[in-house]
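**Q** could you work out the structure for the sequence below:
(chains A and B)
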Number of protein chains: 2
Amino acid sequence: MPPRVKDDYYWMKRTLTLAKKAESIGEVPIGAILVKDGEIIGRGFNRRESLNDPTAHAETIAIRQASRKLDAWRLTGTILYVTLEPCPMCMGAIILARIDRVVFGCFDPKGGAAGSLYNLADDSRFNHRVKLTTGIMKKECSEILSAFFRNLRQKKKALNNKE
Amino acid sequence: MPPRVKDDYYWMKRTLTLAKKAESIGEVPIGAILVKDGEIIGRGFNRRESLNDPTAHAETIAIRQASRKLDAWRLTGTILYVTLEPCPMCMGAIILARIDRVVFGCFDPKGGAAGSLYNLADDSRFNHRVKLTTGIMKKECSEILSAFFRNLRQKKKALNNKE
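**A** Okay, here's the model as predicted:
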């Protein structure tokens, strides 16, 4: 296994623990980590419901944290790890922040903008292009989401049966 | 002039004053206002440089402010006024926030995601569609941007001549 792939697994494993944090507070379990020179400079997990903020996706939270840390909006030389394929908002933010590479676990066929519905990462009309690595820990990243939505459906069903 | 168009001019005029605020602090002059039931619930102007935040576009600032004000991530029943066509990040945020309608002044042929490079507003694969009204005070919204970039070029030229 080449070192980069080994690294990708290492960071994705840590990103998954953030997705689990989201799950533990009832949020859709998605996590993101921004890495520069082998160091974490931004962390985020989906907090839309708890913050009541439609922009509070794992990726934008990690990006904004990294920008504060580096005191710079240009995050060149960084790699973003995220459990699910980014949506158009997050891919837009990734391009605006000049992030070098995005590594994600599973595709999002309903909303993904890095290959599924759109591929904003590789559009020559933008002034920045983003390298993509996909499918790292795909099964784990996908299963945590399926389990979350399965539980949600069961809870709703139980609630409906009680009424 | 039907009342809605008259309203659109009224709000775009106020949105332009926010673009001027951005200009006054050296930011690319773009402004945004979010309106619900004839009342402003969110205001923003581009603050990327001053906040060192790649996500600090006029639209996302206005959206996040409105979400805090209403304590809700769902901003249904709202209209977003913005001087320039939104980029992919901002159109993504607009869709996630379930904003009803977006009114913008001028198109952004290099980065717009509401008709120019993409049209995310009207993609049936998303779970929300956004109505668009374009060209309201187009000349004013465009001229403030041209003047800003003209000044920037002149300043750079003067600086280069000094060296």
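
**Q** interface residues of chain A facing chain B?
**A** Along chain A, the residues adjacent to chain B under the rule CB under 8 Å from any CB of the partner chain are A:48-49, A:52-56, A:60, A:63-64, A:67-68, A:71-75, A:87-93, A:95-98, A:110-111, A:113, A:117-118, A:120, A:123, A:125-126. The C-beta positions use only the backbone N, C-alpha and C, and glycine is treated the same way.

**Q** can you turn the buried part of these into a PyMOL selection?
**A** For selection in PyMOL, the members of those meeting the burial criterion (16 or more other CB atoms under 10 Å in any protein chain shown) are listed in this command:
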select buried, chain A and resi 48+53+54+55+56+60+63+64+67+73+75+87+88+89+90+91+92+93+95+96+97+98+111+113+117+118+120+123+126
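
**Q** poorly predicted segments of chain A, please.
**A** Applying pLDDT under 70 to chain A picks out residues A:1-5.

**Q** what about the residue most central in space within it, which helix or strand?
**A** Of all residues in chain A, the one closest to the mean position by CA atoms, centre = their mean is A:Val82, 3.0 Å from it. Using DSSP states H and E, A:Val82 maps to strand A:78-84.

**Q** determine the next helix or strand in the C-terminal direction from that strand.
**A** Stepping forward along the backbone from strand A:78-84, the first helix or strand reached (DSSP H and E) is helix A:88-96.

**Q** check which element follows that next one along the chain.
**A** The first helix or strand that comes after helix A:88-96 along the chain, using DSSP H and E, is strand A:101-106.

**Q** within its sheet, name the partner strands of the helix or strand following that next one and how each one runs.
**A** Following the chain from strand A:101-106 toward its C-terminal end, the next helix or strand by DSSP H and E is strand A:131-134. For strand A:131-134, the pairing partners within the sheet under DSSP bridges are strand A:101-106 (parallel).

**Q** just how off-centre is the partner strand within its chain?
**A** Distance of strand A:101-106 from its chain centroid, counting by CA atoms, centre = their mean, to the nearest Å, is 8 Å.

**Q** what comes into contact with it?
**A** The contact list for strand A:101-106, computed with CB atoms under 8 Å, 6 or more residues apart in numbering or on different chains, reads A:8, A:11-12, A:15-16, A:79-86, A:94, A:114, A:121, A:130-138, A:140-142, A:145.

**Q** show me which of those residues are buried.
**A** Buried positions within the contacts of strand A:101-106, assessed by neighbour count (16+ other CB under 10 Å), are A:8, A:11-12, A:15-16, A:79-86, A:94, A:114, A:121, A:130, A:132, A:136-137, A:141-142, A:145.

**Q** what's the angle between the longest helix anywhere in chain A and strand A:78-84?
**A** Within chain A, and with DSSP state H defining each element, the longest helix by residue count is helix A:138-162. If you take axes from the mean of the first three to the mean of the last three CA atoms, to 10 degrees, helix A:138-162 sits at 40 degrees to strand A:78-84.

**Q** for helix A:138-162, packing partners?
**A** With contacts defined as 3 or more CB pairs under 8 Å, 6 or more residues apart in numbering or on different chains; DSSP states H and E, helix A:138-162 has these neighbours: helix A:3-24, strand A:78-84, strand A:101-106.

**Q** please point out which parts of the first one sit buried.
**A** Same thing as helix A:3-24. Neighbour counts using 16+ other CB under 10 Å place A:Asp7, A:Asp8, A:Trp11, A:Met12, A:Thr15, A:Leu16, A:Leu18, A:Ala19, A:Lys21, A:Ala22, A:Glu23 of helix A:3-24 among the buried residues.

**Q** closest to chain B out of the residues you listed?
**A** Within the buried residues of helix A:3-24, the smallest distance to chain B is 14.8 Å, found for A:Ala22 (CB to the nearest CB).

**Q** gap between that closest one and A:Tyr10?
**A** Noted for A:Ala22: a distance of 20 Å to A:Tyr10, by CB to CB, to the nearest Å.

**Q** likewise for A:Asn151?
**A** From A:Asn151 over to A:Tyr10 (counting by CB to CB), the distance is 29 Å.

**Q** do A:Ala93 as well
**A** Look at A:Ala93 and A:Tyr10: by CB to CB, they are 24 Å apart.

**Q** got it, and A:Asp53?
**A** Computed as CB to CB, the A:Asp53 to A:Tyr10 distance reads 30 Å.

**Q** check A:Thr133 too.
**A** Distance, A:Thr133 to A:Tyr10, using CB to CB: 13 Å.

**Q** could you do A:Asn161 as well?
**A** Going from A:Asn161 to A:Tyr10 by CB to CB gives 44 Å.

**Q** which strand residues bridge A:Val82?
**A** The residues paired with A:Val82 through beta bridges, assigned by DSSP bridges, are A:Ala32, A:Phe104.
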